[in-house]
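Enquirer: got a sequence here, can you build the structure:
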Amino acid sequence: MSDLVMGYLTLGDMDPFDMVTAAGAGGFRAAGLRLTGHAPGDPWPFNPADPVHVARMRDVAAAAGVRLVNACTYRFTDASDPADYLPVLSACHALGIDTLICNSFGAPDAAIRNLASVAGLAAPLGIRLALEFIPVSEVRNIAEAQRIVQATGQTNIGLVVDALHLWRSGGGVADVLAADPARLFAVQLCDGPLEPPADLKAEMRGGR
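Expert: Okay, here's the model as predicted:
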């Protein structure tokens, strides 16, 4: 059985180095990590292109007894450039991170193109891409996400199912059971109110 992983959004406002230390202090043996903002190059306390930052994070994770298992969350748009992800992928490889969690706020054809291109760069490093569907994004439910994943033609692209997004998009357990297990890379567990609030964007960031 794999370890329960602390998602980065649990302590999303913390400095990423402090977050990993806190995850270990809280009893987690694995954690997700945010390496940049929603796109490579966005301001963030960690710089994946800086070898000093990468080495420090590796040391912090080792001292905390925490494996780093995924990097969150990369928002593909029509203007995304796959080449921008090279430093992120290199840092993931150095830190032992094998999954890049993504979502899409662009047209379906752009999502397919971006996912396939970044997956091609990630494959030699043993890194997978997990597409997250979000009701307020352009990939709103699990069915849409599965169509895009299949259309990429890449075997290292799959799904991440967030329990909140599954429920808010009208999905349920049956939809997860019907998904190809080989394409189900991660499940994110969280709580939240049964009825949806007026602002789903605010809820997904701080209402669970």
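Enquirer: how about the helices in this structure?
Expert: 16-25, 51-64, 86-95, 108-122, 142-152, 163-168, 173-178, 200-206 (DSSP state H).
Enquirer: now these in CSV, with mean neighbour count, mean pLDDT and distance to Y8?
Expert: Where you see a C-beta, it was placed from the backbone N, CA and C, and this is true even at glycine. Putting those into CSV (neighbours: other Cβ atoms under 10 Å; pLDDT from 0 to 100; distance: least, Cβ to Cβ, whole Å) gives the following:
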stretch, mean neighbour count, mean pLDDT, distance to Y8
helix 16-25, 20, 97, 7
helix 51-64, 15, 98, 13
helix 86-95, 20, 98, 13
helix 108-122, 20, 96, 19
helix 142-152, 19, 97, 20
helix 163-168, 20, 94, 15
helix 173-178, 11, 96, 22
helix 200-206, 14, 82, 12
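Enquirer: so which of these is nearest G32?
Expert: With Cβ to Cβ, the closest approach to G32 among the helices of the chain belongs to helix 16-25: 9.1 Å.
Enquirer: L11 contacts T21, doesn't it?
Expert: No - look at L11 against T21 with Cβ atoms under 8 Å: they stay out of range, at 10.2 Å.
Enquirer: tell me the centre residue of the protein?
Expert: Residue closest to the mean C-alpha point of the chain, counted by Cα atoms, centre = their mean, is I101 at 2.2 Å.
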